[in-house]
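Visitor: Need coordinates for the following:
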Amino acid sequence: MHAPYPDNPADGIQNDTSITLDHVAFIKGFMKRHPYLVTSRLFLSGQSYSGHYLPLLVMELLRENIVGTKPGQFNLQGMIPVNAWTDTLLDNKGAVNWWFGQGLISARIKDSLLDPKGSCRLDKGALWRTWGPNELSAKCNAIRDKAYQSMGNIFLYGVGAPSCLFDATTDKMLPPLIPYAGNPMFDPCNDDRNAGYLNRADVQRALHVLPPAAASDGGVNAGGGKDRVPSAVPTGITFLSGGQSELESTLNLNAVPWASCSSAPVLNYSGASIGNTVSHLYPKILAAGIRILFLSGADDGYVPTLGTRSWMGSLKQLKVLKTTAAPHGAAATANKTISDHDQVPWINEKTGQVGGFITKYALKRAASSSSNRPPRSSNAALELAVFLSAGHAVPSFQPAGVFQVVKSWMSQDN
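Guide: Residues are numbered from 1 along each chain as shown. As a prediction, this is how the structure comes out:
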């Protein structure tokens with residue numbers, strides 16, 4: 001799942017509450033349209049900011065299962081966050097310390113960002129939020145900007161992977177001169193290619209981004225050529241042909257260039273929501289019998305594994321489980337000696353190499369969910385799966401490894 005966007009910028013500022021309600025409405029509508037799926041096991045997944053909207057959505061679906069109009073309508077089994085922004089302070093600290101440990105920033109910048117008496121209140125806002133509302137001070141943002149500038153054009157979504165380069169003369173994307181060792185098929189320009197595709201007028205029409213009346217010219221606009229991208233203005237849609245239909249005027253829909261991360265006026269998201277911490281929801285979700293598989297790419301420079309391990313370790317309701325058998329296809333010859341460890345490697349079945357590491361957490365004692373009902377399973381666990389040679393969007397870096405681990409995890413009962 002991904003955070004939805006408003007049809008109309010006039011909808012106002014979006015926040016975690018409004019997005020959660022949008023998600024619930026979508027799932028209800030989807031189930032209504034596909035009733036044969038109602039009894040199927042439901043697993044929810046998302047990456048990055050899913051650290052907020054995914055646990056909030058799970059909590060709301062659990063509430064709907066008890067007090068909603070159709071009790072028990074969601075056969076919710078588990079959730080799979082991916083490099084998910086979760087704990088404001090510890091994820092921020094984890095990023096800064098990881099940058100320094102990787103040699104990306106100087107000691108002076110690190111100390112300036114982490115100084116508790118300095119300009120940065122790392123418990124208030126996100127260092128990665130360089131656009132739109134942010135609860136960090138202007139001085140802190142300036143220090144953060146110096147940190148990013150000192151890193152050059154490094155691909156912070158996957159440190160170690162090549163950056164997307166452009167030909168200075170033609171402004172066309174260039175293939176990476178050095179393939180990414182973790183996955184030779186990895187395309188550092190994937191986001192740019194997606195943006196180009198989703199900004200094509202014919203694609204937007206097919207996705208109903210543009211009203212049907214906008215295609216009345218057959219896709220040929222005045223400026224010559226087919227599938228030109230409409231230009232956006234704050235007051236409504238302006239097509240290159242100069243026309244605006246009555247339907248467009250009535251709905252006040254804005255056709256604007258698509259971007260993976262948007263800001264006002266396309267999407268005005270609450271800075272206060274971004275600065276919230278939601279790690280406290282994880283024990284509640286486990287208490288309700290919902291399993292959690294958290295995927296973390298070890299090369300992610302925005303939400304590094306270091307911060308994730310920090311907030312998981314800070315949850316006093318959880319304990320680390322000793323693992324006596326290597327999980328997810330990891331029971332290869334190299335791992336036969338593993339027993340009674342609190343962290344074990346998993347082996348990539350295609351390469352025979354260590355693909356990453358698994359740590360399991362569980363509630364220290366059987367706890368009742370907030371609904372006053374007993375948990376469905378006392379064995380529900382939070383499983384942290386670290387992926388080597390993978391960045392922020394783990395499946396893009398290690399698709400085979402993710403398929404292996406997720407498939408194995410979903411086939412288990414607890």
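
Visitor: Make sure Tyr361 is indeed in a strand.
Guide: Yes. Assignment of Tyr361 by DSSP: H, G, I helix; E, B strand; the rest coil places it within a strand.

Visitor: Would you mind measuring from it to Phe294?
Guide: Going from Tyr361 to Phe294 by Cβ to Cβ, to the nearest Å gives 9 Å. To be clear about C-beta, it is placed using only N, CA and C from the backbone, and glycine gets the same treatment.

Visitor: How about stretch 116-124, which residues are buried there?
Guide: Ser119, Cys120, Arg121, Leu122, Lys124 (16 or more other Cβ atoms under 10 Å).

Visitor: Give me the local confidence score for the third one.
Guide: By that I understand Arg121. At Arg121, the model reports a pLDDT of 92.

Visitor: Which of the three states applies to it?
Guide: Under three-state DSSP, Arg121 comes out as coil.

Visitor: Does it touch Ser137 like I think?
Guide: Yes. Counting by Cβ atoms under 8 Å, Ser137 is a contact partner of Arg121 at 7.1 Å.

Visitor: Can you show me the helices along the stretch 301-414 of the chain?
Guide: 305-314, 394-397, 399-411 (DSSP state H, counting those that start in this stretch).

Visitor: Oh, that last question was meant for the stretch 101-250 of the chain, not what I typed.
Guide: 107-114, 138-150, 190-198, 201-206, 246-251.

Visitor: In contact with Ala95, which residues?
Guide: Going by Cβ atoms under 8 Å, 6 or more residues apart in numbering, Ala95 touches Leu127, Trp128, Gly301, Tyr302, Val303, Pro304, Leu306, Gly307.

Visitor: at 6 Å instead, please
Guide: Leu127, Pro304 (Cβ atoms under 6 Å, 6 or more residues apart in numbering).

Visitor: Where does it sit, in terms of helix or strand?
Guide: helix 88-101 (DSSP states H and E).

Visitor: next one: Asp22
Guide: helix 16-33.

Visitor: rewinding a little: highest average neighbour count across the helices of the stretch 301-414 of the chain?
Guide: helix 394-397 (a mean of 23; mean count of other Cβ atoms under 10 Å).

Visitor: If you tally nearby residues, what's the number for the residue nearest to Leu37 when sequence neighbours are not counted?
Guide: Leaving aside its chain neighbours, Leu37 sits nearest to Met31 (6.5 Å; criterion: Cβ to Cβ, 6 or more residues apart in numbering). Residues within reach of Met31, counting by other Cβ atoms under 10 Å, total 17.

Visitor: My read is that Met31 contacts Thr39, right?
Guide: No. Between Met31 and Thr39 there is no contact under Cβ atoms under 6 Å: 10.2 Å.

Visitor: show me the contacts for Leu382.
Guide: Ile292, Tyr361.

Visitor: So, low pLDDT: which residues of the stretch 101-250 of the chain?
Guide: For the stretch 101-250 of the chain, the stretches flagged by pLDDT under 70 are 167-182, 210-250.

Visitor: mind running it again at 50?
Guide: Of all residues in the stretch 101-250 of the chain, those with pLDDT under 50 make up the ranges 212-250.

Visitor: between the helix holding Ala95 and helix 107-114, how big is the angle?
Guide: Counting by axes from the mean of the first three to the mean of the last three Cα atoms, to 10 degrees, helix 88-101 lies at 180 degrees to helix 107-114.

Visitor: pLDDT value on Asn372, please?
Guide: Asn372 is given a pLDDT of 45.
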